[in-house]
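> What follows is a predicted protein model with its sequence.
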Amino acid sequence: MLPVHLRLAEFFHMHKAGKLTHAHGPELLQCLQVNAQYCWDVVKLEQLSGIAILLNDDTWFDELRIRIDALRLTGRAPKL
């Protein structure tokens with residue numbers, strides 16, 4: 001889990017308790033943007049991994065898995 005996911009959970013609980021204000025809006029939008037990019041990057045790399053499997057390209061598949069693991073741990077996929 002990335003810190004942004006924890007913050008989004010906090011915003012959700014603040015909303016449920018009626019404590020989320022307009023002042024939280026910019027930070028909430030930033031968290032949503034970071035989360036959307038993260039989701040897009042994970043899906044893209046997983047789709048490419050599927051293509052690598054179909055092509056029997058083990059080297060490419062291994063590189064993609066390294067990038068996916070790094071993305072899930074740090075929020076950023078290294079350029080290989």
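Here it is on my side, so go on. Numbering: from 1, shown residues only.

> Okay, now the unreliable bits of the protein?
Low-confidence segments of the chain, defined by pLDDT under 70: 80.

> Please report phi then psi for Lys19.
For Lys19, the backbone dihedrals are phi -110, psi 0 (criterion: degrees, to the nearest 10).

> That one: how many residues sit nearby?
Residues contacting Lys19 under the criterion other C-beta atoms under 10 Å number 10. All C-beta atoms are positioned from the backbone trio N, CA, C, and that covers glycine.

> now swap in Ile68 and tell me
Neighbours of Ile68 using other C-beta under 10 Å come to 18.

> The residue nearest the centre of the chain: what's it in contact with?
In the chain, the C-alpha nearest the mean C-alpha coordinate belongs to Tyr38, at 2.5 Å (C-alpha atoms, centre = their mean). Counting by C-beta atoms under 8 Å, 6 or more residues apart in numbering, Tyr38 touches 2, 4, 71, 75.

> ok, which pair from the residues you listed is furthest apart?
Val4 and Leu71 (12.8 Å; C-beta to C-beta).

> what ranges do the helices span in the chain?
All helices of the chain, identified by DSSP state H, fall at 3-16, 25-54, 58-74.

> neighbouring contacts of the last one?
This means helix 58-74. Counting by C-beta under 8 Å, 6+ apart, helix 58-74 makes contact with 38, 41-42, 45-46, 48-49, 52-53, 76-78, 80, all of which sit outside it.

> Make a markdown table from those and add distance to Glu27 to it.
Below are these laid out as a markdown table (distance: C-beta to C-beta, whole Å):
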| residue | distance to Glu27 |
| --- | --- |
| Tyr38 | 16 |
| Asp41 | 21 |
| Val42 | 23 |
| Leu45 | 27 |
| Glu46 | 29 |
| Leu48 | 32 |
| Ser49 | 33 |
| Ala52 | 37 |
| Ile53 | 39 |
| Arg76 | 20 |
| Ala77 | 24 |
| Pro78 | 27 |
| Leu80 | 32 |
